[in-house]
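# Kindly return the folded structure for what I paste below:
(chains A, B, C and D)
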Number of protein chains: 2
Amino acid sequence: MALTVSQVARLAKVSVRALHHYDEIGLLRPSERSEAGYRLYTQADLQRLQQVLFFRELGFPLEEIRRILGDPSFDLRSALLMQRQLLSERSARLDALLGAVDAALDALEKGTSMDQEKMFEAFGDFDPTKYEAEVKERWGDTEAYKESARRTARYTKQDWQRMKAELDRIQKELAELLGAGRAPTEAAAMDLAEAWRQHISQWFYPCSYVMHRGLAEMYVGDSRFTESIDRVRPGLARFTRDAIIANAERHGE
Amino acid sequence: MALTVSQVARLAKVSVRALHHYDEIGLLRPSERSEAGYRLYTQADLQRLQQVLFFRELGFPLEEIRRILGDPSFDLRSALLMQRQLLSERSARLDALLGAVDAALDALEKGTSMDQEKMFEAFGDFDPTKYEAEVKERWGDTEAYKESARRTARYTKQDWQRMKAELDRIQKELAELLGAGRAPTEAAAMDLAEAWRQHISQWFYPCSYVMHRGLAEMYVGDSRFTESIDRVRPGLARFTRDAIIANAERHGE
DNA sequence: TGTAGGGTCTCACGTCGCGTGAGGGTCAAG
DNA sequence: CTTGACCCTCACGCGACGTGAGACCCTACA
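Below you'll find the model as predicted:
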């Protein structure tokens, strides 16, 4: 019934070393051990391994996978729905890359030079992982998380592209305000912060001003977010944070 | 005209550190340096960076990318066509993963247990990178390489899936012969080796017996191939090599 | 001229997820 | 008992950067 490490490795197309490593870091511990000390994996172990591999495939660090799977509120159905959503997004990105290759081929045939922005636009990383998992962890608002997973599970590639375009536009306009020396407390900036909050509410889950404030702090407190936002324009993460705070205060919170 | 490192980093959505690293390893050297020692990247540099990122996206190690781009016979059009092909294959794999998630959701709704093989089948790695790049390098048969790129550029997902299924079947049957204690020099094994050679000729490029012998040596001499083939059944890589050699000799080469 | 802020350089330690090999024990079949 | 395949733990090393340190560069402004 229980499988040895090589059987599992062959079945799951991972290496024995990887399974050792997963045991080591507490990510996937075999439920049993033979008298000789051999690792023995059960069906439940295999199911957990499947989840590990899905998350790994989606780029989650192993430590984070361990935390997610170990969370008392972990819910397999929600996880699968989220994984489905993230894979769909990946698919959209692949299409964008294919489009970029075709554009490069086209330029080559015509002997023209590609627009610099277009050359690289498909390589950008819109990674809801950073969004979703952090939100879940930071806010422990399981209902919001589930609502988000429910909604996005049904999104098509076009939905994702539209949503991304919307967010890009908001960020771009904020960057323009920053570039023009405007203050984050001005109405224009606050309006964009409001648009961002509504964007989240529309596409993911109801986002209160309190929650939005929390997100704003995260944008400057977590270097992954800061870096991603500042790639649009340096200083944008802080500017955005300030605009969001000002907007929340404008609304009494 | 020329861009500084942060401008390029922002444009290409990579880190400054990555660009330093690429300079360091000779993968992407800026064409110019300011008097202060600042790296300055030209349009040609950007085009090379695009190629680097395409290959990187496809999982090529940086050292290999450097070698590919530095090859005197490097041809941008062929590279783009190959990249297109590999991205298409990636897309097929994504669809398989989505199917796996759906299957897991289905099992969950029905309260059933997923078949162990089905749980993990989408995680396997059919990686033509290992096939194509090595063939190009080892054989220097640029015409065959180009022929392969030309053909596969037009393949649909279904084509890729059919091709993979064919190869899987050949490997499975070889594994069965091995398991039954048959010899690689028996007709049955040689016939399968012949089927493998024809598979390559049909799907990639004309594969002579000489070339097939070379590939066979590669299956046992390169651990990546050995490991991949032996995952089907331990010892299969060597068995396959022997069958291919026997088959070639059967045909006078 | 000095300062501030944003940018750049080189150097170098550290991280993550394993790959690889060493040395030794286990299991089943002949 | 021997052989071959499998298993264990231990530990160094790799690839691709991330991060920080210390020092220099550039521009605008007082």
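# rest of the way, CA atoms for contacts and neighbours
Noted.
# so residue A:119 makes contact with residue B:52?
No. Residue A:119 is not in contact with residue B:52 according to CA atoms under 8 Å; the separation is 12.0 Å.
# Spit out the contact partners of the closest residue to residue A:12 other than its chain neighbours.
Using CA to CA, 6 or more residues apart in numbering or on different chains and skipping the chain neighbours, the partner closest in space to residue A:12 is residue B:120 (5.1 Å). If a contact means CA atoms under 8 Å, 6 or more residues apart in numbering or on different chains, then residue B:120 has A:11, A:12, A:13, A:50, B:100 as its contacts.
# Take these and lay them out in JSON lines including neighbour count.
Compiled in JSON lines, the contacts of residue B:120 are given as follows (neighbours: other CA atoms under 10 Å in any protein chain shown):
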{"residue": "A:11", "neighbour count": "21"}
{"residue": "A:12", "neighbour count": "22"}
{"residue": "A:13", "neighbour count": "20"}
{"residue": "A:50", "neighbour count": "20"}
{"residue": "B:100", "neighbour count": "22"}
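# Make sure residue A:74 is indeed in a strand.
No. Residue A:74: not assigned to a strand; according to DSSP: H, G, I helix; E, B strand; the rest coil it is coil.
# still on that earlier bit, report pLDDT for the residue nearest to residue A:12.
We have a pLDDT of 84 for residue B:120.
# Name the residues of the helix or strand hosting it that come out as buried.
For residue B:120, the host element (DSSP states H and E) is helix B:116-120. For helix B:116-120, the neighbour count (16 or more other CA atoms under 10 Å in any protein chain shown) marks B:119, B:120 as buried.
# Roughly how far does the residue nearest to residue A:12 sit from residue A:49?
9 Å (CA to CA, to the nearest Å).
# which ones are touching the nearest residue to residue A:96 once chain neighbours are set aside?
Excluding its sequence neighbours, the residue lying closest to residue A:96 (CA to CA, 6+ apart) is residue A:122, at 5.5 Å. When contacts are counted by CA under 8 Å, 6+ apart, residue A:122 is found next to A:93, A:96, A:97, A:100.
# Off-centre distance for the helix or strand hosting the third one?
Assigning secondary structure by DSSP H and E places residue A:97 in helix A:76-110. Shown here is helix A:76-110, whose average C-alpha point lies 15 Å from the average C-alpha point of the whole chain (CA atoms, centre = their mean, to the nearest Å).
# list the helices and strands that helix packs on?
helix A:116-120, helix A:142-152, helix A:157-179, helix B:76-110 (3 or more CA pairs under 8 Å, 6 or more residues apart in numbering or on different chains; DSSP states H and E).
# With distance to DNA strand D as added columns, please give those in a markdown table.
Putting the helices and strands packed on helix A:76-110 into a markdown table (distance: least, CA to the nearest atom of the strand, whole Å) gives the following:
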| stretch | distance to DNA strand D |
| --- | --- |
| helix A:116-120 | 15 |
| helix A:142-152 | 26 |
| helix A:157-179 | 14 |
| helix B:76-110 | 17 |
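# If I average pLDDT within each of those, which one is lowest?
Lowest mean pLDDT of those: helix A:142-152, a mean of 55.
# the domain parsing of chain A - what is it?
As assigned by automatic domain parsing, chain A contains the domains A:5-70, A:124-250.
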